[in-house]
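Novice: Quick one: sequence plus predicted model below, questions after.
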Amino acid sequence: EPEVTQTPSHQVTQMGQEVILRCVPISNHLYFYWYRQILGQKVEFLVSFYNNEISEKSEIFDDQFSVERPDGSNFTLKIRSTKLEDSAMYFCASRDREYSNQPQHFGDGTRLSIL
Amino acid sequence: KNEVEQSPQNLTAQEGEFITINCSYSVGISALHWLQQHPGGGIVSLFMLSSGKKKHGRLIATINIQEKHSSLHITASHPRDSAVYICAAPVRYGGSQGNLIFGKGTKLSVKP
């Protein structure tokens, strides 16, 4: 069964550094999402992406965050200047079309640790 | 404010027991998601349902859209069912997909 893949599985970065989290969505999917989960808390929506532009973003997704689909397969989340509070598990998800009866497919996540 | 509430927060069961996890939500939706999060952190979609009941193996999910309530049942529970079970609802009314808001999850431990 096709999967959403995320790399790296664990990223350790110094505070203030830029970090790029990578995702390869399922190949025929059109909608892409980033979520995050701070340790011990619930999963939170960050941003959705469709047709090469952001569809919606949450208040968490400030100017330090950006997303990009640089080619036909990758979907990246960049944090420009990381803060301690950015430490979390970041999940990428994708789905195929607007009114599909199929759920979103999630990757295994990238654990981001900011030192 | 859009909310998704789950109960219980923690659940310990003996192998073989029938398990029920409940989810209620304040948003008007046309579908609800049940997800499973393993100890390693990965998330797997179990169900997306908009009415009635869905079954997959020993897992059964039910939903009552009018009452804004859904339940996830596990029959003949097994230690490998131990995980966090999360319900999630789309933010916008009428959306079956799209940006999800998540419950806090129910941590299930099944003892042999």
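Specialist: Yes, it's here. Numbers count the residues shown, from 1 in each chain, chains lettered A, B, ... in the order given.
Novice: Check which helices and strands the strand or helix carrying residue A:76 sits against.
Specialist: If you go by DSSP states H and E, residue A:76 is part of strand A:75-79. Packing contacts for strand A:75-79, counted by 3 or more Cβ pairs under 8 Å, 6 or more residues apart in numbering or on different chains; DSSP states H and E, involve strand A:19-24, strand A:44-50, strand A:65-68, strand A:88-95. Every C-beta, even on glycine, is put in place using the N, C-alpha and C of the backbone.
Novice: switch the cut-off to 7 Å
Specialist: Using 3 or more Cβ pairs under 7 Å, 6 or more residues apart in numbering or on different chains; DSSP states H and E, the elements in contact with strand A:75-79 are strand A:19-24, strand A:65-68.
Novice: What pairs with that strand, parallel or antiparallel?
Specialist: Paired with strand A:75-79 in the same sheet, following DSSP bridges, are strand A:19-24 (antiparallel), strand A:65-68 (antiparallel).
Novice: and the ones you listed, which is most packed in?
Specialist: Among those, the stretch with the highest mean neighbour count (mean count of other Cβ atoms under 10 Å in any protein chain shown) is strand A:19-24, at a mean of 19.
Novice: Give the next helix or strand downstream of the lowest-mean-pLDDT helix or strand in chain B.
Specialist: Every helix and strand in chain B was compared by mean pLDDT, DSSP states H and E; the lowest is strand B:100-102, with a mean of 89. Downstream of strand B:100-102, the next assigned helix or strand under DSSP H and E is strand B:106-111.
Novice: Looking at that following strand now, give me its mean pLDDT.
Specialist: Strand B:106-111 shows a mean pLDDT of 97.
Novice: Any residue of that strand touching chain A?
Specialist: No. Strand B:106-111 lies out of reach of chain A by Cβ under 7 Å from any Cβ of the partner chain, never closer than 11.0 Å.
Novice: Okay, buried residues for stretch B:6-17 please.
Specialist: B:6, B:11, B:13 (16 or more other Cβ atoms under 10 Å in any protein chain shown).
Novice: Would you mind getting the angle between the lowest-mean-pLDDT helix or strand in chain A and strand A:44-50?
Specialist: The weakest-scoring helix or strand in chain A, judged by mean pLDDT, DSSP H and E, is strand A:53-57 (a mean of 89). Put simply, strand A:53-57 runs at 150 degrees to strand A:44-50, going by axes from the mean of the first three to the mean of the last three Cα atoms, to 10 degrees.
Novice: Just list whatever residues bridge to residue B:64.
Specialist: Per DSSP bridges, the residues bridged to residue B:64 are residue B:69.
Novice: Number of residues surrounding it?
Specialist: Number of residues near residue B:64 (other Cβ atoms under 10 Å in any protein chain shown) recorded here: 12.
Novice: Quick check: buried residues in the least confident helix or strand of chain A?
Specialist: Neighbour-count burial for strand A:53-57 [16+ other Cβ under 10 Å]: A:56, A:57.
Novice: Go ahead and confirm residue B:81 touches residue B:110.
Specialist: Yes. Under the criterion of Cβ atoms under 7 Å, residue B:81 makes contact with residue B:110 at 5.1 Å.
Novice: Next up, the contacts around residue A:29.
Specialist: A:94, A:95, A:96 (Cβ atoms under 7 Å, 6 or more residues apart in numbering or on different chains).
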